[in-house]
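A.B. asks: Below are the sequence and a predicted model for it; my questions follow.
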Amino acid sequence: MKNLLFKLIGPLFAAIGVFGLAGSGIIWNFLGRSLGLPSTMASLLSLMLGFVLLRPLARTPASPSTSTTSTSSQTETLVGDVDVDSTEAVPAPALTTAESIAQELAESQKLLDVAPQVNFAPKMLLPGQGLPNRRRRPGASLKRYKTMAGELFVTK
């Protein structure tokens with residue numbers, strides 16, 4: 001029951017903080033600073049408390065399994081004359097899901113062949129190759145502008 005309460009109270013405080021910030025902005029705009037500032041501070045406090053409660057709880061390290069001791073005793077009986085007691089059997093650390101996915105991805109990337117980065121037609125993809133290089137000339141729309149500008153400098 002206590003664990004469930006901790007799981008629900010963190011998101012509740014975070015949601016109150018977020019919606020409180022939105023509401024305090026509206027209050028600040030329409031009712032002024034005297035109500036907006038305290039509601040903003042209360043919302044920020046609630047949001048910070050929500051963040052603190054949303055942090056994952058510290059986990060205790062897992063105790064070593066008893067299966068490693070049983071396997072080391074089995075290897076002692078199988079090996080016979082070889083002294084296995086001097087070498088401790090160190091269990092391999094368990095990989096998390098993300099670490100195992102990253103390891104598989106790294107192994108698959110090593111197997112891929114690298115394709116050369118070559119363009120199929122480098123001369124055809126240069127900009128401006130197909131455009132004619134003629135000089136641009138003014139069109140008919142410039143005639144009205146020229147007459148208007150000419151009228152400005154006529155002396156009477």
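C.D. replies: That came in fine, so what should we check first?
A.B. asks: CA only for contacts and neighbour counts going forward, please
C.D. replies: Noted.
A.B. asks: And the helices in this structure?
C.D. replies: Secondary structure of the chain (DSSP state H): helices at 2-31, 33-54, 67-79, 97-111, 142-152.
A.B. asks: Can you list the neighbours in contact with the second one?
C.D. replies: What that stands for is helix 33-54. 6-7, 9-21, 24-25, 27-29 (CA atoms under 8 Å, 6 or more residues apart in numbering).
A.B. asks: So the residue sitting nearest the centre point of the chain versus residue 91, what's the distance?
C.D. replies: A centroid search over the chain (CA atoms, centre = their mean) returns residue 98, at 14.9 Å, as the residue closest to the centre. To residue 91, residue 98 is 20 Å away according to CA to CA, to the nearest Å.
A.B. asks: burial measure for residue 33, as a count.
C.D. replies: 15 (other CA atoms under 10 Å).
A.B. asks: circling back: comparing the helices of the chain, which comes out most buried?
C.D. replies: helix 33-54 (a mean of 17; mean count of other CA atoms under 10 Å).
A.B. asks: what mean pLDDT does that helix have?
C.D. replies: Here helix 33-54 scores 87 as its mean pLDDT.
A.B. asks: Check the helices of the chain for me: which has the lowest mean pLDDT.
C.D. replies: helix 67-79 - the lowest mean pLDDT of these, at a mean of 48.
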